[in-house]
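[1] Dropping a prediction and its sequence here:
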Amino acid sequence: MKYKLRMLRHINFDKLNNIIKEISKKNNKSKIYIFFDMLFSYIKHGSGYYDYYLFDFINLNEEQRKTMVTRSRNKKLISLLNDKKYTNIFDNKSEFDKLFAEFLNRDILILKESNYDDFIKFMKNKEEIIAKPNSMEAGKGIRKLNKNNYKTLKNMYNDILNDKNLDLLEELIKQNKVYAKFNPESVNCLRIVTVIKDEKVFPIYCMFKIGNNDFRDNYHNGGICCMVDMATGKIITNGKSSKENIIIKHPTTNVKFKGQTLPHVADAVNMVIKAAKVIPEVGIVGWDVFVNEKGPGIIEGNNYPSYDFPQFPEFAVDKVGTWKKYKEIIKELNKG
């Protein structure tokens, strides 16, 4: 309840008003009705006005609303499963890569623990690399570097050191050709969310993330996402971006999404099941996984994974959200 009261104090009324207007226009409902229905949903389900908008609450019945992970329910889930004493490891890219090295499937170099000789060895047989800050959000701060753009390797090394935001170098991922065909300019990866409870790992959902305008696949940076069957690797929905609800084929490559089968998805699921056991104190993680010709590798783990993707109206089967699944696994969520 305290969290809900804090949320109320930080409402952006301009955004709230604009969302109500949009819902009213789209559904031919009065703005007064929508406002009070939003308020009811907030009290009953902990849904913020953006949840109400994203998950199309206006067209959900009460039983369907009960199945949705909302902002308030997600906070409860994270608070219950993720011990704050351990989550910082997922925010520190260097520490994460060291701890999960067996799952990375690529070379890495931690700048603060290396010198120029190490850099020379790292760059052997490599033209392009990825440089990352230790802490980043939504793919911000990542640089893609090509040694051919520098006169010497020493110049490249100095340029990297001069960027004080950078802490980690990684081998450029050469993705599987099936994944690359959707957009060869980005590493198109899987997002697999796992929950570990009583030493057992439960995969919750798998999503395919595809880049659109640049080398990043992040949905909030213009990327496209669609849902994937974890057993077969088959893409089971059309694509969706933050700007478009339905995308049948990639706007650049014209490759269709729904019905295509991605290789090594089951291998990726099995890999993150093992990875989830490394730090069981962080019980819910969203794993970003690439796939090359050999198999899967972990890009990163997110200790506060987005809860919205599988609940978009375009993705949610029978308009049922993931809260139902979480409650079946975690009995404590059924209290209160």
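    Okay, I see it.
[2] What segments of the stretch 1-150 of the chain are strands?
    108-110, 128-133, 143-146 (DSSP state E, counting those that start in this stretch).
[3] May I see the buried residues of the last one?
    What that stands for is strand 143-146. Leu145 (16 or more other Cβ atoms under 10 Å). (Glycine included, C-beta is placed from N, CA and C.)
[4] Neighbouring strands of it in the sheet, and parallel or not?
    Paired neighbours of strand 143-146 in the sheet (DSSP bridges): strand 128-133 (antiparallel).
[5] Other residues contacting the strand it pairs with?
    By Cβ atoms under 8 Å, 6 or more residues apart in numbering, the surrounding residues in contact with strand 128-133 are 93, 122-123, 141-147, 160, 163, 165-173.
[6] With stretch 226-241 instead?
    In contact with stretch 226-241 (Cβ under 8 Å, 6+ apart) are residues 190, 192, 203, 205-208, 210, 212, 219, 222-225, 246-250, 257-266, 269, 309-310, 312, 314-315.
[7] can you check stretch 116-124 too?
    Asp107, Leu109, Ser114, Ile129, Lys147, Leu153, Lys154, Met156, Tyr157, Leu169.
[8] Recalculate using a threshold of 6 Å.
    Stretch 116-124 has contacts (Cβ atoms under 6 Å, 6 or more residues apart in numbering) with Leu109, Tyr157.
[9] Equivalent analysis for stretch 58-70, please.
    Contacts of stretch 58-70 (Cβ under 6 Å, 6+ apart): 23, 27, 45-47, 51, 55, 307, 311, 319-324.
[10] Let me know the closest of the residues you listed to Met38.
    Ser47 (7.8 Å; Cβ to Cβ).
[11] Enumerate every residue touching that closest one.
    By Cβ under 6 Å, 6+ apart, the neighbours of Ser47 are Ser41, Thr70.
[12] switch to 7 Å and redo it
    Shown in contact with Ser47 (Cβ atoms under 7 Å, 6 or more residues apart in numbering): Ser41, Phe57, Thr70, Arg71.
[13] do the same with Asn303
    Asn82, Thr87, Phe90, Val282, Val285.
[14] For the third one, which non-adjacent residue is spatially closest?
    Spelled out, that is Phe90. Asn303 (4.1 Å; Cβ to Cβ, 6 or more residues apart in numbering).
[15] pLDDT at that neighbour, what is it?
    In this model, Asn303 is scored at 95, pLDDT.
[16] Now do it against Asn88, distance only.
    Using Cβ to Cβ, to the nearest Å, Asn303 is found at 9 Å from Asn88.
[17] In terms of pLDDT, where does the closest residue to Leu166 other than its chain neighbours sit?
    Excluding its sequence neighbours, the residue lying closest to Leu166 (Cβ to Cβ, 6+ apart) is Ala131, at 4.8 Å. For Ala131, the pLDDT comes out at 94.
[18] Check the burial of Ala131 by counting its neighbours.
    A count of neighbours around Ala131, defined by other Cβ atoms under 10 Å, yields 20.
[19] cool, Glu63 as well?
    Residues near Glu63, counting by other Cβ under 10 Å: 10.
[20] Over to Lys147?
    There are 15 residues near Lys147, going by other Cβ under 10 Å.
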